[in-house]
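> make a model of this:
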Amino acid sequence: MPSNILVPTDFSNYSAYALKHAVQVANKSRAKIHLLHVIDEGLWQCAVDYRLSNAVMRQIAEENLKMSTEKLQQEADRISETNADVEISYNVKQGIPYNEIMNVQEEKKIDLIVIASHGKTGMQKHLIGSVAEKVLRGAKCDVLLVRA
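Here you go, the predicted structure:
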């Protein structure tokens, strides 16, 4: 049974569905849930492309961090209200989502990652890439891939 569950979230309905599954597992195994949101550093290339000033970029980064942290806090509070026995922590990181997920896996000694698959198929899957697929292939622990 897992003792540390990592749930990466992009705040989509798909991620919410994966979190629901993680809570069920945590209730049965008394595991701690670690919520993680990664602000994709690739998005900052857009700021460079549009020649936004450093001050504007810093403001956007600060607002993004604040909003993401608030959303994670709300999720943690919602889970705690209905699942008092589930311990939950959360963190926001900036970087490449797959890399940050793997880093947290090592740092927190994660033994289960619960992640949603967005269900992309065909050419769209190959053009966009899949964080879930990379996690599935690269994780050093069990991965529960929730098809949404």
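
> can you give me the strands in this protein?
Here the chain has its strands, by DSSP state E, at 4-8, 32-40, 88-95, 112-117, 142-147.

> so which of these comes closest to Lys20?
strand 142-147 (8.4 Å; Cβ to Cβ). Just so you know, the C-beta spots here come from the backbone N, C-alpha and C atoms, and that holds for glycine as well.

> so what's the gap between whichever helix in the chain runs longest and the chain middle?
When the chain is parsed with DSSP state H, its longest helix is helix 54-82. Distance of helix 54-82 from the chain centroid (Cα atoms, centre = their mean, to the nearest Å) equals 13 Å.

> give me the mean pLDDT for it.
In this model, helix 54-82 carries a mean pLDDT of 91.

> of all the strands of the chain, which one is nearest Lys71?
Shortest distance between Lys71 and the strands of the chain, using Cβ to Cβ, is found for strand 32-40: 7.3 Å.

> contact partners of the closest one?
If you take Cβ atoms under 8 Å, 6 or more residues apart in numbering as the criterion, strand 32-40 is touched by 3-11, 19, 22-23, 26, 61, 64-65, 68, 71-72, 75-76, 79, 86-97, 100-101, 104, 108, 110.

> what of stretch 134-147?
Identification of contacts with stretch 134-147 by Cβ under 8 Å, 6+ apart yields 2, 8, 14, 17-18, 21-22, 25, 98, 101-102, 105-106, 110-117, 119, 132.

> hey, C-alpha coordinates of it in CSV?
Below are the C-alpha coordinates for stretch 134-147, written out as CSV (Å, rounded to 0.1, in the frame of the first residue of the first chain):
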residue,chain,number,x,y,z
LYS,A,134,6.3,10.5,-20.0
VAL,A,135,5.5,10.0,-16.3
LEU,A,136,4.3,6.5,-17.0
ARG,A,137,7.5,5.6,-18.8
GLY,A,138,9.9,7.4,-16.5
ALA,A,139,8.6,7.0,-13.0
LYS,A,140,10.5,4.9,-10.5
CYS,A,141,7.3,4.1,-8.6
ASP,A,142,3.9,2.8,-9.5
VAL,A,143,1.7,5.0,-11.6
LEU,A,144,-2.1,5.0,-11.7
LEU,A,145,-3.1,6.5,-15.0
VAL,A,146,-6.7,7.6,-14.8
ARG,A,147,-8.4,7.8,-18.1
